[in-house]
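**Q** Turn this into a structure:
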Amino acid sequence: MAREIRFNAFDMNCVGHIQQGLWTHPRDQSHRYRELSYWIDYARRLEAGLFDGIFLADVVGVNDVYGGNGDAALKGAVQVPVNDPMLLVPAMAAVTKHLSFGITANLTYEPPFLFARRMSTLDHLTGGRIGWNIVTGYLDSAAKAIGLSGQAAHDDRYDLADEYMQVIYGLMEGSWADDAVVFDRQNGIYAEPAKVRKLHHHGKQYTIDAMHLCEPSPQRTPVLYQAGSSARGREFAATHAECVFVNGQTMEGVRAIVDDIGARAVSAGRFPDDIKIFMGATIITGRTDSEARDKFEDYRRHASSEGALVHAAASLGIDFSKYDLDEPIETARSAAIVSNVEAMTRTAGPKWTKRKLLEQMILGSRQPPMVGSAEKIADTLADWVDQVGIDGFNLSRTVVPECFDDIIDLVIPILQDRGLYKTSYREGSLREKLFGEPMLPARHVGAKVRWVE
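**A** This is a model prediction of the structure:
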């Protein structure tokens, strides 16, 4: 039986997200990110088109590695200014019934007690449609913004994340019994005190002696996303993640990551199918190849090479402004996104240069677009799912809203005709839609602290 393809719109509460410079296109509407009506229309459009969700990225620092300051990021709107993604969700949820919301939140700078309350609140308000993309950060500017001298080492951030998750599970899964809320009006009892307990966590990073402030939400723990593809990131994903976001490279490269995560999940006592894999993709399509190519060339004229270098410099931890076009780039161990450095080295070789990097950045990012007729795009997506074993795609915006309108109007009907895309939404929470059950399965590490009588 063919695997059903899933689509998330991949965006950010800012002007310039992944494809740098395309905000200058006359038809692009991303400059309206400050308007609630923009996001409300966005959500309605995606749900009408049967998208599974909107996946909102976030950073809490400035991309200031390039040139040693944030000037180029500010000029090019490279993920700055950027607003809080969580505040968009209730408004989008109010005008939709099925659309899910994946929210990126950096646990390094978020106290787990308060963060757990915000996520439980969103799970209540959305009726169980919330997911959390767990990130540990990669910007020194974010660490300095909260009073630290710099961020911790890459693997140390994951060690902190493991403990953070223990606290989150203890609050969301273990603090309230399923039947704690009795809502007894006659006797004036809302919750049974004996059914609510404090979490007592005394660890290396966190000390918590408190009950969770929220009664159990539809999913308790939100659906857990994770995007790290380094060896340490995959170890973390195999333990905690339910959905993993990978960046597209070669089919062989992504297949190796998918297989490795599946094997690690089994070692952690889970099933390979407990983890859904979403690949980042950029699609430019039309009714014909010629129409798609014309659109691509139109978009390309607005792409910003400097903006792309600013973003890449931050995520790779390398100041490209210091290098000439053909000067070999030093790729010493980075404290930024290690998997990005590894992927770039695999693609361009150990002696890659700024010229090689720019050759990949044809639309203002390191993600080469899929360009072609809707039929050809459908073929390509089906091949990725069939040959690599991924479950869906996080589709990066180019010129909004038309980039998603094209997928909804042209690509999805072809996939539906082939039995590869849903024709209606299933009922239930986000986790029920993905896995058929409302809460973490018993074999997941987070379920092991769940209240049991």
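**Q** Touching, Cys243 and Leu434? I think so.
**A** Yes: assessed by C-beta atoms under 8 Å, Cys243 is found in contact with Leu434 at 7.3 Å. C-beta: built from backbone N, CA, C; applies to glycine.
**Q** Which neighbours do the two have in common?
**A** Listed as contacting both Cys243 and Leu434 by C-beta atoms under 8 Å, 6 or more residues apart in numbering are 223, 276.
**Q** Tell me which of those two has more neighbours.
**A** Between Cys243 and Leu434, counted using other C-beta atoms under 10 Å, Cys243 has the larger neighbour count: 27 against 21.
**Q** Ile275 versus the more buried one, what's the distance?
**A** Distance of Cys243 to Ile275, given as C-beta to C-beta, to the nearest Å: 7 Å.
**Q** for Pro26, same thing?
**A** 41 Å.
**Q** more neighbours, the two?
**A** More neighbours surround Ile275 than the other of Pro26 and Ile275, with 23 against 6 (other C-beta under 10 Å).
**Q** quick one, what contacts that one?
**A** 237-238, 241-244, 261-262, 265.
**Q** likewise His212?
**A** 116-117, 120, 171-172, 175-176, 199.
**Q** can you rerun that using 7 Å?
**A** 116, 171-172, 175-176 (C-beta atoms under 7 Å, 6 or more residues apart in numbering).
**Q** any weak-confidence spans in this protein?
**A** The model of the chain has pLDDT under 70 over residues 1, 331-350.
**Q** let's go with 80 and repeat that
**A** Residue ranges of the chain with pLDDT under 80: 1-2, 149, 152, 154, 228-229, 248-249, 330-351, 453.
**Q** Which helix in it has the most residues?
**A** Assignment by DSSP state H gives helix 154-172 as the longest helix of the chain.
**Q** quick one: buried residues of it?
**A** Applying a neighbour-count criterion of 16 or more other C-beta atoms under 10 Å, one finds 154, 157-161, 163-172 buried in helix 154-172.
**Q** do stretch 278-295 as well
**A** Across stretch 278-295, burial judged by 16+ other C-beta under 10 Å covers 278-286, 291-292, 295.
**Q** what's the closest of these to Gly446?
**A** Phe278 (20.3 Å; C-beta to C-beta).
**Q** got a list of contacts for the helix or strand hosting that closest one?
**A** Assigned by DSSP states H and E, Phe278 falls within strand 276-281. For strand 276-281, contacts defined as C-beta under 7 Å, 6+ apart pick out 8, 10, 242-248, 254, 258, 367, 370, 384, 390-396, 434.
**Q** now stretch 399-419
**A** For stretch 399-419, using C-beta under 7 Å, 6+ apart, the contacting residues are 2, 5, 9, 22, 25, 27-30, 42, 45-46, 49-50, 283, 285, 287, 299, 374-375, 377-378, 395, 397, 421, 423.
**Q** That one: end-to-end distance?
**A** 28 Å (C-alpha to C-alpha, to the nearest Å).
**Q** Please shift the residue numbers so they start at 29 in all later answers.
**A** In the new count, where the first residue is 29, that last one comes out as stretch 427-447.
**Q** Now it: buried residues?
**A** Across stretch 427-447, burial judged by 16+ other C-beta under 10 Å covers 427-432, 434-436, 438-440, 442-443.
**Q** And stretch 394-405, by the same measure?
**A** Neighbour count says stretch 394-405 has 394-402, 404-405 buried, by 16+ other C-beta under 10 Å.
**Q** Can you give the distance of the strand or helix carrying Thr132 from its chain's centre?
**A** Thr132 belongs to strand 128-134 when assigned by DSSP H and E. Mean-position distance between strand 128-134 and its chain equals 6 Å (C-alpha atoms, centre = their mean, to the nearest Å).
**Q** gap between the helix or strand following that strand and the chain center?
**A** Downstream of strand 128-134, the first helix or strand assigned by DSSP H and E is helix 140-154. Relative to the centre of its chain, helix 140-154 is centred 18 Å away, using C-alpha atoms, centre = their mean.
**Q** packing partners for whatever helix or strand comes next after helix 140-154?
**A** Heading C-terminal from helix 140-154, the first helix or strand you meet, by DSSP H and E, is strand 158-163. If you count contacts as 3 or more C-beta pairs under 7 Å, 6 or more residues apart in numbering; DSSP states H and E, strand 158-163 packs onto strand 128-134, helix 140-154, strand 251-254.
**Q** what's the span of stretch 134-148, first residue to last?
**A** Terminal residues of stretch 134-148 are spaced 16 Å apart (C-alpha to C-alpha).
**Q** what does stretch 35-54 give?
**A** OK, stretch 35-54 end separation, C-alpha to C-alpha: 26 Å.
**Q** Equivalent analysis for stretch 132-147, please.
**A** Separation of the first and last residues of stretch 132-147 by C-alpha to C-alpha is 11 Å.
**Q** if I've got this straight, Gly281 is in a strand?
**A** No: Gly281: not assigned to a strand; according to DSSP: H, G, I helix; E, B strand; the rest coil it is helix.
**Q** And it, how close does it get to Arg446?
**A** Taking C-beta to C-beta, one finds Gly281 at 26 Å from Arg446.
**Q** residue contacts, Pro246?
**A** Pro246 touches 151, 155-156, 457, 466, counting by C-beta under 7 Å, 6+ apart.
**Q** Repeat the analysis, applying 8 Å as the threshold.
**A** Contacts of Pro246 (C-beta under 8 Å, 6+ apart): 151-152, 155-156, 457, 466.
**Q** now swap in Tyr351 and tell me
**A** Listed by C-beta under 8 Å, 6+ apart, the contact partners of Tyr351 are 357, 381-382.
**Q** and if you look at Thr313?
**A** Applying C-beta under 8 Å, 6+ apart, the residues near Thr313 are 320, 323, 398-402, 405, 434-435, 438-439.
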